[in-house]
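S.K.: from the sequence below, what's the structure:
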Amino acid sequence: MLGKLFGLIKKPVNTAPTPPPPPISTGEVRKEKKEKPSLQTLIGAPSVDAITDTHHLQQLLKNSAGLDKKTNRLLRDRLNTLKAAEQQQQQNLDAQEKLCGRLETLAKLQYHPLFDSELAHLSLQWENTTEKNTSIAQRVNTAIAQCQAILMDIQQQQVAAALAEKQAAEAKQQKAEAQAQQRAAEEAQRAQALEQQKLLQAEQKSQHEKHKQQNKHKQISSKQHEMQDWQAFAAMPKLELLCDAMEKLCTSTLQPLETAEAVRDLQAQWRAMKPPHTPEVQALWERFKQAGDKAWEPCAEHYEKTRQQRAFNLQQRQIICEALEQFAQAQDWSTADWKAVARILDKARKEFHDFHPVERSEEKPIRTRFDAAYAAINTPLADVQSANEARKQQLVNAAKSVTEMVDIEKAIERFQQIQEQWKQIGITRHHEDRKLWQALQEYGKVIFDKRRDNQQQARQLQDSNIAQAKGLCERITQLAKLPDEELTHSAAAFEQLQNEFKAIKDIPEKLQTAIKKQFFTACDAYHQQLRGISARQHQKQLDELARRAALCTRIESHITSESTALLETDWQQHPLPAEWDKAINARKQQVLAAIQQSTPLDFSANAQRRRELCIALEILLDLETPDEDKQQRREIQLKKLQQGLGQAMPNNSHHEQLEQLLVDWHCTGSAAANEQALLQARFDAARAKAR
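M.R.: Got it, this is the predicted structure:
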C-alpha cells in the first residue's frame, strides 16, 4: 500500500494522564531553598535519568525554586526526552494496531487475486516492526495463520482442478447419453401415437359391431394407460440421471461459477422433460430439488464473497483517497522530493485501479474523489515538470547551435557537456521528456555524423593509399614475370615503381608491416628473376641442342627424299654457342651426305662412340659399368692416365664435365635402333643418379 511512501503523515498521540505526586508546599520550598537540599532529597531519586514519570517531572518544574539552573535544565531535558519516547512508543503502537487490523480484515475475507501479494506485503511490514506489543503480536500471528490457511485451501482447490475437469467431462458424457435416451423415449412416444391412430381408425371401421366396438374401446383404453405408463417409464431413467448428476454436484470440486452454471443446466433439462404427474416422478422431483439446494450453497456463498470483495475494494480505494488528501495537506512543496511525489502518484493510480470492481453505484463517487485528490498533488508536480522541460528545451536549442561549429572535436566536447547538464535537470513528464530527448539526439547525430564523415574521408584516403601500395607490389610481381628479353631492359620501370611506393604516406601502422613485407617479397622475386636470366638462357640452349639432336635421330632412323627439306626448315629456332652449333651441324652434315650420296650411316661407329660416352659418364659419377664394357672402361681409364702424365689437370668443374658429355651425346649420330635404345636408357639412368 501507500504507507511506505506516506511517511510524512502522523497521527496525534493520546497519552493517559497519571496521578501527579503530592504538591510541595511553599514552606517546604523555602526550607529547601534555605537548606539547599540535594536533588535526591527533593525528587527521591539519585539522578534525573532515574525519573520515568513525566507528571512528576512537571510538578518538580512548577516547584523548582529551590533548584539551580543546571538542575532545572536537566529536568526539562529529561521531560522532553520522556515525552518524545512516549510519543514514539504511541506511534509505534498505533502503527502495530493498524497493521494488525488490516491483517484481521484480510483473514475475514475470501481469497481474491491480490490476496497473496497483500498478505506478503503486510507480513513483511510486521517483520520490520520493532518493539512489538505482545498482545498485538498474538493477534497478528493468529490472523497470518488464518490467511495462510485460506491460501492452503486455494492450493488444494487448484490441485483438485484436474479432477474437476475429468468429472465435468464425465458429466458431459452422461448428459449426451441421457439425451440419447430421451430421443429414444420420444421415438417410442411417436410409435405409440401412431399405434393409437391405427386403433382409432380400426374402431371407426368396426362401428357396425355393438359388442366388438366395446371391446375395441377397452383395448384403446388399455393402450392409453399402457402409453402413459410407457411415457413415465421412459422418463424415469432420464430423471434419475438428472438426480444423480445434481447429487454429484454437491461433492464436486468445480468452481462456484461452474457449479452455478451446471445447476441451471440440469434444472433446464428437467423442465424440458415435462414429466407426467405421478408419485414416482414427484419423489424424484423432491430428491432433485433437495440436491439442487445443497449444490447451490457454495454458489450463494461465492456471490456473497463477491459482494464482500467489492465492499473491500471500495474500502481500500477510500483509504487511498484519504492518504492522498492527507499527503497533499501535510506536504511542504518548497522542499518536496518530486521523484518521490511522482512515484506516489503512479503507485496510487495503480493500486486504485487494482482494487476493482466495486458496486456500480459507488464507482463514480469514489472515482471523482480520487481524481480530485490526485489533481491536488499532480498540479504542483506538473508546474515543476514544465519548468524542467523548459530548461531541457534550452539545452536542445544550444545543441542546435553546436551543429554549426566548424571544429568538430570542440563541437563534440560541447555536446557532451550539454548531455551532462541534461542529467542534472529534475523530473519531467515522460512523453515530453522523450520528445525533447529525441530532438537532442537528432542534433547529436548531426554532430557525430560530421565526425564520421571526416573519419570516413580519412579512411578512404588510407584505403586509396593501401590499394595503391598493393597495386605497385603487384606490378613489381608482374614485372618479374616478363620474358627474359624484356626483363633485361626493365630496370628503369622497376626503379620508378620503387620510388612511387616510397612516396606513399598515411598508411595505418598496423598494416604497414604486412604491406612492406609484400613489397620486399615482390622486389626479391624481381631480383631473383633478373639474376636467373643467364641460367635460363643456358638451359634454353641445352633444350635447343636436344631438339636438334632429336630431329637428327628421327631422320637417321628413316631417311627419305623429304628429309633434306625437313632438316632445313625445322633446324634452327634459337641460337647456340658456336662450339655447340659446330658440333651439331657436323652430325647434320653426315645425315645430308648420306641422303645426297645414298650411302648408309655408320651405325657401328656411332654405337661405339655412344658406348664410350656411357663409360665416361659412369667413370665420372663413380657408377658400375656392365661386365661386357668393364675391359673397355679400364682401357679408357689407363689412356686418360697416360695422357695426364706430365700435363696439368683440367680445371673443369664436375657440372661442366657432365654438361660436356651431354653435348657430345647429342652431337653423336644414332646407333642401330635396338642398340640405340639400350644405350640411351643406360645414359639416361646414369644422368638421373647425378641429379
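S.K.: pull the helix or strand with minimum mean pLDDT from the protein.
M.R.: When the helices and strands of the chain are scored by mean pLDDT, DSSP states H and E, helix 26-35 comes last with a mean of 39.
S.K.: helix or strand for residue 374, which one?
M.R.: helix 360-402 (DSSP states H and E).
S.K.: could you give the mean pLDDT of the helix or strand following that helix?
M.R.: Counting by DSSP H and E, the next helix or strand C-terminal to helix 360-402 is helix 408-424. In this model, helix 408-424 has a mean pLDDT of 90.
S.K.: and stretch 142-153, by the same measure?
M.R.: Averaged over stretch 142-153, pLDDT sits at 85.
S.K.: and it, how far out from the chain's middle?
M.R.: 40 Å (C-alpha atoms, centre = their mean, to the nearest Å).
S.K.: contacts for the helix or strand hosting residue 680?
M.R.: Using DSSP H and E, residue 680 sits within helix 673-690. Helix 673-690 is contacted by residues 553, 557, 603, 607, 610-611, 613-614, 617-618, 621, 623, 626, 658, 662, 665, 670-671 when judged by C-beta atoms under 8 Å, 6 or more residues apart in numbering. Quick note: C-beta positions are derived from backbone N, CA and C, even for glycine.
S.K.: got any ranges where the stretch 101-250 of the chain has weak pLDDT?
M.R.: Flagging of the stretch 101-250 of the chain using pLDDT under 70 yields the residue ranges 110-117, 158-171, 176-178, 180-182, 184-186, 188-189, 191-193, 195-209, 211-235.
S.K.: go with 80
M.R.: 109-121, 154-235 (pLDDT under 80).
S.K.: low-confidence stretches in the stretch 551-691 of the chain?
M.R.: 559-566, 568, 598, 642-652, 690-691.
S.K.: show me where it has strands.
M.R.: In the stretch 551-691 of the chain, no segments count as strands under DSSP state E, counting those that start in this stretch.
S.K.: show me where it has helices.
M.R.: Along the stretch 551-691 of the chain, the segments classed as helices by DSSP state H, counting those that start in this stretch run 563-569, 578-597, 603-621, 630-644, 654-667, 673-690.
S.K.: so what secondary structure elements neighbour the helix or strand harbouring residue 119?
M.R.: According to DSSP H and E, residue 119 maps onto helix 115-127. Packing partners of helix 115-127 (3 or more C-beta pairs under 8 Å, 6 or more residues apart in numbering; DSSP states H and E): helix 69-108, helix 134-159.
S.K.: adding distance to residue 172, write these out as a markdown table.
M.R.: Converted to a markdown table, the helices and strands packed on helix 115-127 look like this (distance: least, C-beta to C-beta, whole Å):
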| stretch | distance to residue 172 |
| --- | --- |
| helix 69-108 | 37 |
| helix 134-159 | 21 |
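S.K.: turn the ones you listed into a markdown table, including distance to residue 174 and mean neighbour count.
M.R.: Below are those laid out as a markdown table (distance: least, C-beta to C-beta, whole Å; neighbours: other C-beta atoms under 10 Å):
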| stretch | distance to residue 174 | mean neighbour count |
| --- | --- | --- |
| helix 69-108 | 39 | 15 |
| helix 134-159 | 23 | 14 |
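S.K.: right, and the ones you listed - which one's nearest residue 638?
M.R.: helix 134-159 (118.8 Å; C-beta to C-beta).
S.K.: circling back: gap between the helix holding residue 680 and the chain center?
M.R.: From the chain centre to the centre of helix 673-690 is a distance of 76 Å (C-alpha atoms, centre = their mean).
S.K.: what's the angle from that helix to helix 654-667?
M.R.: 160 degrees (axes from the mean of the first three to the mean of the last three C-alpha atoms, to 10 degrees).
S.K.: got the buried residues for helix 673-690?
M.R.: 675-676, 678-680, 682-683, 686 (16 or more other C-beta atoms under 10 Å).
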